[in-house]
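S.K.: structure of the sequence below:
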Amino acid sequence: MSVSPQRSAPDAPSELHPIQAFLLLLFWAFISEVAIMLLLPLLGPLSQGVAVFLDPVLLVFTLILPIFFILYLPMRNRIVAQKQTKAALTLANIRLHEEENRLQAILNSTLGAVITLDAKGIIKDTNRGFDSLFGYPPGEMVGKGIDTIIALERLMGHSTFRQHPENILNQWVGSVIEAEGICRDASRFIVELTLGKYLSGDQWFFTGVLYDITARKQASKSLDEAYTELEQRVLERTWVLEEANQKLIQEVAIRREAEEKQRLYGKVFDNAGEGIVITDADARILAINPAYVEMTGFTGSEVIGANPKILRSGRHGASFYQEMWKSLGETGQWKGEIWNRKKTGEVFPKWLSINSVRDDAGRTSHYVGVFSDITHVQATEERMQHLAYFDPLTHLPNRMLFRDRVTQEVSMSQREGTQAAIFFIDLDRFKYVNDTMGHDAGDQLLVQVSERLQKRLRQTDTIARMGGDEFTVLLPNPGEGQNIGHLAEKVIMDLKNPFMVADQEFFIGASIGIAIFPDDGVDYETLTKNADIAMYHAKEAGRGTFKFFSPVMNEKTNRRLSMEMDLRKALEQNELVLYYQPKIDVSKGLIMGMEALVRWMHPEKGMISPGDFIPLAEETGLIVPMGLWVLVTACRQVRTWRSMGWKHLRVAVNLSARQVQGQDIVRQVADILADTGLGSDGLELEITESIAMSDITRTIGIITEFRQMGLHISIDDFGTGYSSLSYLKSLPLHALKIDQSFVRDLVENSEDASIVTSIISMAAAMNLEVVAEGVETEAQLAFLAKHHCSHAQGYFFSRPVSAEAFLELLQKQPKDE
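M.R.: Okay, here's the model as predicted:
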């Protein structure tokens, strides 16, 4: 029920404050008195006589009007407004009471039981229908839980109702719930509950309507039982007629089956994805399906009665069709690819299958042709062919196609007595672009490289991408070796020019290995292998150059492969050992730590120089497991020495470029410290200057994480790289290690001395420690001590020694207290 808003009473005049009214009366009395005094002289001689009488009379009359307006009228208006407000309130209360009575009457006249619940499932109100249905006196169930009238154990969610009643009630809202109702006398019946929800003030309430559906359920059950009984009676009376009607039933079933098959065949014909055409024995078209119309563009009215040759494209000769009819006559079928012409004139390929249909006498009565458009199949085959033989990124020939081209060229060159050349090109510094800018940038760079190669080389040359950043080139009839070398130089110069990737300039370069047919091989495998070997020698020669293959390279490569196999075996069979070189506190002359250096004790060749196997380990990736082994072994050893009393010792381990560039180095170091039990203050990690500056942003992030772990970080071989002071300041370091190339001649060479003193001064200004490497003489040590170099290491103190020998050095100095 809607209630019209009350009209507000007219605004009463604003009333004066009592003091204001009093002052206004005084002012009015004063004005009146002055006016009387001015009027009395005008009366002449009477003024003296009447003044005594007239003055108060006039004053009273002059005050009556203001008293009326100032005091009486406001008081009267206030009384009227109060009466109007009281009357409006009385009317509103009457209407509200009438609305409540109306709503209560509606609820009481409702056939169903109506209840109101709060969010906890407590009954707040009921109607007469509820009292009648459940047998409770009016109001008795107010304050009781809904579980007193509904058997919750039969409802979903009952187990959590008492803990979260509002959640369950919300789930019931909008649904029809069938439940078991509980009467006051504990009898039970089936109820149907629908639940609504409304907000009153700041609290949610639920209104439910319940109906007794016991009778409906019983009626439904009785109906089911009656139907079952009727069905049984029908069956009992039908069996008598079964034998007589069996034959009829079978005939009807056969007819229905035939009709069903005919209907099904029609459905298949109409809905088949393939085009279907049916002709008579003379090849006149009798029927076509919708797919035929869709594929050819011809409608039934245009082709019925015509010969299928109306689709001929002209691509097949008479012999083609003669073979088709021959196969149909001999075998009753023909299958194959055929090109036809659509109504639009477009020629398309299709796969056609024709079968002959014979009558009872064995004569051909019809032909049925089924075909599908294979245009997309051929396109897919062409794409697959392209993917099989071409690189999907650069669209250059891939390894498989390059093999075929080389094999063909070798055969032709052998017949004609000509030469051929193979270029094996490997990009320099491509990995840096790929790692720093991402694979998308790396892909863009590879595409640009392929474009430059195609511009430089002849159309008769074959350029292939072998994978990664490796390209190969086949040069038929390359000419003299000088011409080949000149071409290789041009290719290298082309690839030295800057590349623009993601709006940034990058310089990469390339190394090229060259193999010549027939001097360096007479088959694909040998030629590409030797070109690859020559390319590796070009890289070893300083990158950005080319090398022709020679047999000497093969011998060197074989030795390198043999060493690689031995190195892998050395990692598996624990042939590697750690040596330790002391790090000395210059001011105290005591061992403060050591640098861990890996050595290889070959079972047959003895001690192998780190200069021979470390570069090989870097190149092959073996440096990663080797580096982890060094970290584990060094941390375990230093923990042992610390437990023996030298608690201040810290071991320095050099991280390789591959380790720093890896994704898991921080986690790996943390795991090693946890596994070995070494405190983070017992490990120092050394990173070379060139590695640190190769990707300064990544380096800063890694070093920051190491610092947060409590590790010491130092830059190794400082002064040999290209770091700037601005980058150096951004690295959270502990120490700089001066390369031994500056220490070696610092006493005799003033330039080296200046460099060393400058590094020491700069480190002091940046609050960094300084470690001088390669100290071999007392004069060098004196110079370093004079200029306040904090630490030193070198042969003057000790060569790198085994763990046992290092322990003997430790035992010559006191332990920590």
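S.K.: specify the local secondary structure of Lys326.
M.R.: Secondary structure assignment for Lys326 (DSSP: H, G, I helix; E, B strand; the rest coil): helix.
S.K.: now it: how far from Gly332?
M.R.: 12 Å (CB to CB, to the nearest Å). All C-beta spots, glycine's among them, are computed from the backbone N, C-alpha and C.
S.K.: okay, those two: which has more neighbours?
M.R.: More crowded of Lys326 and Gly332, by other CB atoms under 10 Å: Gly332, with 14 against 11.
S.K.: got phi/psi on the closest residue to the more buried one other than its chain neighbours?
M.R.: Excluding its sequence neighbours, the residue lying closest to Gly332 (CB to CB, 6 or more residues apart in numbering) is Ser356, at 4.5 Å. Phi and psi for Ser356, reported as degrees, to the nearest 10, are phi -90, psi 150.
S.K.: do the same with Gly513
M.R.: phi -110, psi 140.
S.K.: contacting residues around it?
M.R.: 423-424, 530-538, 546-547, 549 (CB atoms under 8 Å, 6 or more residues apart in numbering).
S.K.: burial of Met565, as a residue count?
M.R.: By other CB under 10 Å, neighbour count at Met565 equals 10.
S.K.: sorry, back to before: what would the contacts of Gly513 look like in CSV with secondary structure, pLDDT and distance to Leu733?
M.R.: Below are these laid out as CSV (DSSP: H, G, I helix; E, B strand; the rest coil; pLDDT from 0 to 100; distance: CB to CB, whole Å):
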residue, secondary structure, pLDDT, distance to Leu733
Phe423, strand, 97, 44
Phe424, strand, 97, 41
Asn530, helix, 93, 46
Ala531, helix, 95, 44
Asp532, helix, 93, 41
Ile533, helix, 91, 41
Ala534, helix, 93, 42
Met535, helix, 93, 38
Tyr536, helix, 89, 36
His537, helix, 88, 38
Ala538, helix, 91, 36
Phe546, strand, 94, 40
Lys547, strand, 92, 40
Phe549, coil, 91, 46
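S.K.: let me have the residues you listed in JSON lines, extended by neighbour count.
M.R.: Below are the contacts of Gly513 laid out as JSON lines (neighbours: other CB atoms under 10 Å):
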{"residue": "Phe423", "neighbour count": "27"}
{"residue": "Phe424", "neighbour count": "27"}
{"residue": "Asn530", "neighbour count": "26"}
{"residue": "Ala531", "neighbour count": "26"}
{"residue": "Asp532", "neighbour count": "19"}
{"residue": "Ile533", "neighbour count": "23"}
{"residue": "Ala534", "neighbour count": "26"}
{"residue": "Met535", "neighbour count": "25"}
{"residue": "Tyr536", "neighbour count": "19"}
{"residue": "His537", "neighbour count": "20"}
{"residue": "Ala538", "neighbour count": "26"}
{"residue": "Phe546", "neighbour count": "24"}
{"residue": "Lys547", "neighbour count": "22"}
{"residue": "Phe549", "neighbour count": "25"}
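S.K.: which among these gets closest to Leu809?
M.R.: Tyr536 (41.9 Å; CB to CB).
S.K.: for the residue lying closest to Leu210 once chain neighbours are set aside, give me its contacts.
M.R.: The shortest distance from Leu210 to any non-neighbouring residue, by CB to CB, 6+ apart, is to Ala113 (4.3 Å). By CB under 8 Å, 6+ apart, the contact list for Ala113 reads 126-127, 129-130, 132-134, 209-211.
S.K.: how about 10 Å then?
M.R.: Residues near Ala113 by CB atoms under 10 Å, 6 or more residues apart in numbering: 126-134, 149, 181, 191, 193, 208-212.
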